[in-house]
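[1] sequence-free structure coming up:
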């Protein structure tokens, strides 16, 4: 039996960010599953083209599956590295995996980090630990959101956070989705001043990039950092994506291990 683990991501252009997040995650998977071949695929055609111009070749998901089939792999586990099951995951991962199901003896699809409500608190605790949230600090997490349809996962995560009593507030960048900046601002204004002496603004994204450096923490007046400061809050921005934290990468490892055991492959 030839077995492969295929990590599927949107992709990252910046070399340093890619090395610290997606490549680090792939190496963690190799350490955790030594009997499996671990490979990566990107779903963004734009990023693939840009990387190709720089001499970096990364397969798309169809290319990666075709390559594994051609090399004689009969068992493949596809692990998405998305945080939520949004449009990109549904259209470019689920659809492709379904198309290739008959090409392998076993082709299994894992889940994004926050796809399953039962696993939410594990991921959120890992986020809190990664940022070492101290007393008197409120953590604002900024996700991407979905451009064409509402992604309810962010609201579900906020409900889990509130039930657990964690000082975390979740918003999204996509202007057509929510929770919005105003939603987060209203939440922060309800926090007693002694508990909000410092706002830690961090990406709810696996890897850093323009969304982090420009939309979240940019000097422009429209960035979340600038808007929070204009509202009177002392803000410190974290530019590292969650994939740069070993504790959060272990969330994917744990989920994949659970899925493989359930399928009788471990």
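    Cool, got the structure. Computed from a prediction, not measured in an experiment: that's the story for all the values here. Numbering: from 1, shown residues only.
[2] the helix or strand that contains residue 256 - contacts with which helices or strands?
    Counting by DSSP states H and E, the element that carries residue 256 is helix 246-262. With contacts defined as 3 or more Cβ pairs under 8 Å, 6 or more residues apart in numbering; DSSP states H and E, helix 246-262 has these neighbours: helix 22-32, strand 75-80, helix 120-131. Just so you know, the C-beta spots here come from the backbone N, C-alpha and C atoms, and that holds for glycine as well.
[3] between those, which one is closest to residue 260.
    Residue 260 lies closest, by Cβ to Cβ, to one member of those: strand 75-80, at 6.3 Å.
[4] which neighbouring elements make contact with the closest one?
    Using 3+ Cβ pairs under 8 Å, 6+ apart, strand 75-80 sits against strand 3-9, helix 61-70, strand 106-109, helix 246-262.
[5] what angle do the second one and strand 3-9 make?
    Between the axes of helix 61-70 and strand 3-9, defined by axes from the mean of the first three to the mean of the last three Cα atoms, to 10 degrees, the angle is 170 degrees.
[6] averaged pLDDT, helix 61-70. What do you get?
    Computed over helix 61-70, the mean pLDDT rounds to 98.
[7] now do the buried residues in that helix.
    For helix 61-70, burial by neighbour count (16 or more other Cβ atoms under 10 Å) applies to 61, 64, 65, 68.
[8] how about the third one: what's its closest non-neighbour residue?
    I take that to be residue 65. The shortest distance from residue 65 to any non-neighbouring residue, by Cβ to Cβ, 6 or more residues apart in numbering, is to residue 100 (4.7 Å).
[9] show me the contacts for that neighbour.
    For residue 100, the contacting residues are 62, 65, 69, 107, by Cβ atoms under 8 Å, 6 or more residues apart in numbering.
[10] residues contacting the third one?
    Right, residue 69. Neighbours of residue 69 in contact, by Cβ under 8 Å, 6+ apart: 100, 103, 104.
[11] and the helix or strand harbouring residue 161, what does it pack onto?
    Element membership of residue 161, judged by DSSP H and E, is helix 153-164. Counting contacts by 3+ Cβ pairs under 8 Å, 6+ apart, helix 153-164 is packed against helix 120-131, strand 168-172.
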